[in-house]
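**Q** What shape does this take:
(2 chains)
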Amino acid sequence: MDRWRTRFWILLAVIVAVPLAFAVYAVVRFVPDYAVTYRSMDEQFKYGSTGGERASGFPYWVWKAMPVVFKDYLPKNGLPGYESFGMVYETDANGRKMDLPVGVMHRRDLGIDRVFVNCAVCHHSTVRFSPTEKPQLVLGMPAARFNLGAFEMFLVSIAADERFSANVIIPEIERQAGGLGPIDKYVVYPLAISIMQSRLLMLRDRFLPMHPETWGPGRVDTFNSAKALFNFPFHAMQEKEKVGVADFPSIWNQEQRQGMQLHWDGNNCRVEERNKSAAFGTGTTPATIDLGEIDRVERWLNTLRPPLSWPRDRVGWFDPAKAAKGKPLYDEYCSNCHGRSGTDFTSDCMSEAQRQAAIRACEMQAMDVPYGPCVGKVTRLESVGTDPYRLDSYTYDLASNQGLLYANVLYNDGAAVPTSFSGGGARGHSERFIHFRKTFGYANMPLDGIWLRAPYLHNGSVPTLRDLLEPPENRPKQFYRGYDVIDQVKVGFISNVATSDDALFQTHDPKTGQPIPGNDNSGHLWGTTLPPDAKDAIVEYLKTF
Amino acid sequence: MTENGSSSRKKMLMTILLVVIVLIGFGVWFTWFKFFRVVPEPEWQAKNGHSAGDMRFMYGSVGAENGAGMPYWIAYVLPRVFPDLLPGREGKPPGSGGYAALGANWEQGEELPIGFTKKTIGFVRVANNCAACHTARIRTRPDQNPRFVPTGPNHTFNLQAYFRFVELCAKDPRFNSGRLMEEINQSADLSWVDQLIYRFILIPATRRQILALEGRFDWVFQHGDYWPEWGRGRDDAMNLTKYFLTGSKMDDTLGPTDMPSIWNLRKYDDNIPLHRLNFAGDSYDANSVIIDSALGLIRTAPPSNAAFLNEVGWLHQYLGGYPPPKYRDFYPANTPGAIDDVKAARGRMVFVANCAQCHENAKVTGTVVPRAGVFMPNQPPLNTDVQRILSWNREAAIKANSAVSHFGIYRHGLVEENPYGYVAAFLDGIWLRAPYLHNGSVGSLREMLKPAAQRTPHFWRGFDVYDPADAGFVSTPEQAKRLGVDWDDVLQVATPYDVRLRSCGNGGHEYGVTLSDADKDALIEYLKTL
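**A** Numbers count the residues shown, from 1 in each chain, chains lettered A, B, ... in the order given. Take a look at the predicted model:
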């Protein structure tokens, strides 16, 4: 009898305890979902989560192994690993290089650590005032060094490489991690690698037609990426829609921009909606986005000022008398469209009261955006005359489709929303996109920290401010992007240093002399007929912004 | 068996019974909540120049969600999963732009295109209403966003491509729960229960429901010279009635016509016994047309005749008094394209002398004019394309009337006679009703005033920039050039129209074609004032 009892207990243990143990393990292992978060907003911006890792995150160890296994796919510019794409690693208090570059977030989800890029990856860079000094990290400025196109090409190329397999990647992970547990080694990571591969291959089909390899540092094709989100077939689009590449923008002082037309073509007037739209780039979907954390960063960006000022006290870097001469010229020729100064974005045509009215008009979902030579409004293409491709890449059909984004997502702040979806019972703030509008020109932007926002024009086709004040035929036809040393005379980055093979920027095809679609440096002729010393004075004054 | 034992057994039975009742109750409630609970639509509010009534007309339910509604998230992801089945350049797949690729009128900032409704009956469902085909779209210059005119003809919507798209999606092996859920989960944060409902019930059921209509859809897949595409802005209305309402077998006829304007319907209601509706005069009164068209949207008997007729009543009232759009609202005085009043006044004289006997005549306007044979002294017969007439007949009308009566809905109904001509049109808002003739075979009013042999035999339909000089939408390269329209923009969305193909003839209605150029100019100017 005892023997049977023993057998019974053993059997029970096998039937109940073993699956139970597995279940407990699975729950403990795979259910937790939390991001690395930071109390300091600087740190949260640099490394904090948008929620995008849940849908798009790379397994942390695969991230670490990729640049080693696929070293041959990295840009050849002498820089190691992710730095070759222009990503920046900070050093910690002990002078050690940080584990992840700025703009990469970290989350525990589905049983593994996962990483992906966040907002900061496209909105921070480094600055030096001479090649010999240490680069300073500047948050919120355009990521002038980051070559997102090259990074995308890297990802979709390695996914199609036969080495993208558990057999090759896991040994490298084990080398770096000093061994993996059996469940990780034989179950979790092989599965994760195969899922990641199929996701990347799917992205490959959607992204390659945008030719990310041609973008170069500091640029992205925002709205063809948005079309990829809707799976609009690229080959069914009009030719003129297909090139939408433009520079990363700065993202300071967002509160003062509320009600102004945002994005290069001014296609949205609501900061929050623009932010959530941009957050798709960090892998977020309406199902995975962390609205709370996004909200936190959003509020911080509202009042974030350019963290660095022009070094006025350095010898030879600033001439106050010349700047003083530039101010009236700026006021006369520039301020209506670009605001009174780097901190005051009002102008004669846009008082604070008028901006508040614009905010209300935006909330009322006016069908058309305001046009005219005034800050925050849109200047029609025929007046500004700059490269049309970025404008044409954003279509009416895309604008209307964007009305589907975040449909039926409620941000639970308690506000009552009438929506047929919620059945009348739910309370929360509807997050559906309602402010995207097709426009027919480019937006007039405030110039806060303009000296950090080179190269200039929406497509970054003019290397310095001084060049922008020259007529198009005198502007450089080719130069290098992606260097972080400031040009103290012309204001912008030094543009004759090749940081990378793909940093060469050409506005015109050297063979045909025709403008390259998306790269044309013509237009924006304001101030180009002034005498040279007046132009110099305006540039000097802009250093104070 | 003791007293005690029996009572405890009773107790146990009672408990089990109670549990069963609670479970059944929960099941019933759950089924009701998730599949049948009707949530009223939100109160309609005026927005962006549209009145509350306009909003209801454009986005409100006519009751189609029950029988013809698609679960919201399926409708949401279909264009993302099957972009290769949407129409693109020259009306052929693939197309870019989601539902916008179909030429549906989609206001910026709105969740769904005009004519697409969203209603919760258990789960959220998407269906269509009258506005899908009856809201016009217009731009007065190419660098401008379109304006939408409720009750106007939707000259950009490719209804045939829409039918094909839905049917082809359902037939496609990618229409399965795995693929659709993958895409849905990119955009929706559905609860576990709702995911299961979608995965195991709604997706397979939707597919089955669409495929069940397969036979009736056959005729929209016909193509070739003998079966020209409807193209943008047209539908084969009477065959739609035959195959969907009465379930008739497919015949050889084809009669695509323009989506009509449905503003100012009161003009038909003034007790003139010979007034007829539809291009060939197939119906007696506005009420009947609204009922029959709405039944076409609902696809089955309405769940409640009272609610249905109530909606029809509202539509009749709304449409009855809806004023035709004024050209002057789009081209105000002292802007390019504005009406020259002196010229228009002269045009009025030309109109009275040459057009009024049919188009401003209490006895004739709104009644059927025979297609063949002389009906006006010294004028040729009407002689416009015959195919639309051939697509309908007495038997079909009798069948359709009896089908509607079977639903328990009584209306004056369809005319139980073989059609023999076309209705002499009221010309209210005629400027926005291009292209012209019942089959939309003539691009502009100016073209209408040319002898048939000189009318453009090949042009493009469904582009939304208006040409004030010719009074019609841009449909030829010459017009595009004159108005600064990039012709490639036209080719991207418009559908080609070839008058040589069956049912597409642009012959006939050769009235006023011998007028002097100055008189034609003046006449066009006057017509814009209507």
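**Q** Give me the most central residue, chain A.
**A** Central residue of chain A (CA atoms, centre = their mean): A:Cys122, 3.5 Å from the mean position.
**Q** Point to the helix or strand of the chain where mean pLDDT is at its lowest.
**A** Let's take chain A. strand A:410-416 (a mean of 56; mean pLDDT, DSSP states H and E).
**Q** that's the other chain; I wanted chain B
**A** Taking mean pLDDT, DSSP H and E as the measure, chain B has helix B:214-217 as its least confident helix or strand, at a mean of 81.
**Q** which is the next helix or strand following that helix?
**A** In the C-terminal direction, the helix or strand that comes right after helix B:214-217 (DSSP states H and E) is strand B:234-235.
**Q** what does the average pLDDT come to for that next one?
**A** In this model, strand B:234-235 has a mean pLDDT of 96.
**Q** Does the residue in the stretch 401-530 of chain B that chain A sits nearest to lie in a helix or a strand, and which?
**A** Closest contact between the stretch 401-530 of chain B and chain A, by CB to the nearest CB, is at B:Gln492 (5.1 Å). To be clear about C-beta, it is placed using only N, CA and C from the backbone, and glycine gets the same treatment. Taking DSSP H and E as the criterion, the element that holds B:Gln492 is helix B:487-493.
**Q** was I right about the residue nearest to the centre of chain A contacting A:Asn147?
**A** No. Between A:Cys122 and A:Asn147 no contact is recorded; they are 11.0 Å apart, counting by CB atoms under 8 Å.
**Q** and A:Ala279, what is it in contact with?
**A** Under the criterion of CB atoms under 8 Å, 6 or more residues apart in numbering or on different chains, the contact partners of A:Ala279 comprise A:Thr50, A:Gly52, A:Cys119, A:Ile289, A:Ile294.
**Q** Can you classify it by secondary structure?
**A** Classification of A:Ala279 using DSSP: H, G, I helix; E, B strand; the rest coil returns helix.
**Q** so how far is chain B from it?
**A** A:Ala279 is 14 Å from chain B, where distance means CB to the nearest CB, to the nearest Å.
**Q** Give me the pLDDT for that residue.
**A** A:Ala279 is assigned 93 on the pLDDT scale.
**Q** same thing with A:Thr419?
**A** According to the per-residue confidence, A:Thr419 scores 40 in pLDDT.
**Q** Kindly report the same for the one 4 residues further on.
**A** pLDDT for A:Gly423: 40.
**Q** repeat for A:Met350
**A** Turning to A:Met350, the model gives it a pLDDT of 95.
**Q** and what of B:His223?
**A** Per-residue pLDDT puts B:His223 at 88.
**Q** quick one: secondary structure of A:Phe479?
**A** Classification of A:Phe479 using three-state DSSP returns strand.
**Q** How about the contacts made by the residue nearest to it when sequence neighbours are not counted?
**A** Excluding the flanking residues, the one nearest A:Phe479 by CB to CB, 6 or more residues apart in numbering or on different chains is A:Ser495, at 3.8 Å. A:Ser495 is in contact with A:Pro455, A:Pro463, A:Thr464, A:Pro476, A:Phe479, A:Tyr480, A:Arg481, A:Tyr483, A:Asp487, counting by CB under 8 Å, 6+ apart.
**Q** Give me the below-cutoff pLDDT ranges for the chain.
**A** Since no chain was named, I'll use chain A. For chain A, the stretches with pLDDT under 70 are A:1, A:410-428.
**Q** let's do chain B instead
**A** Using pLDDT under 70, the flagged stretches of chain B are B:1-5, B:271.
**Q** Find the centremost residue of it, please.
**A** Nearest to the centroid of the C-alpha atoms of chain B, with distances taken as CA atoms, centre = their mean, sits B:Cys133, at 2.1 Å.
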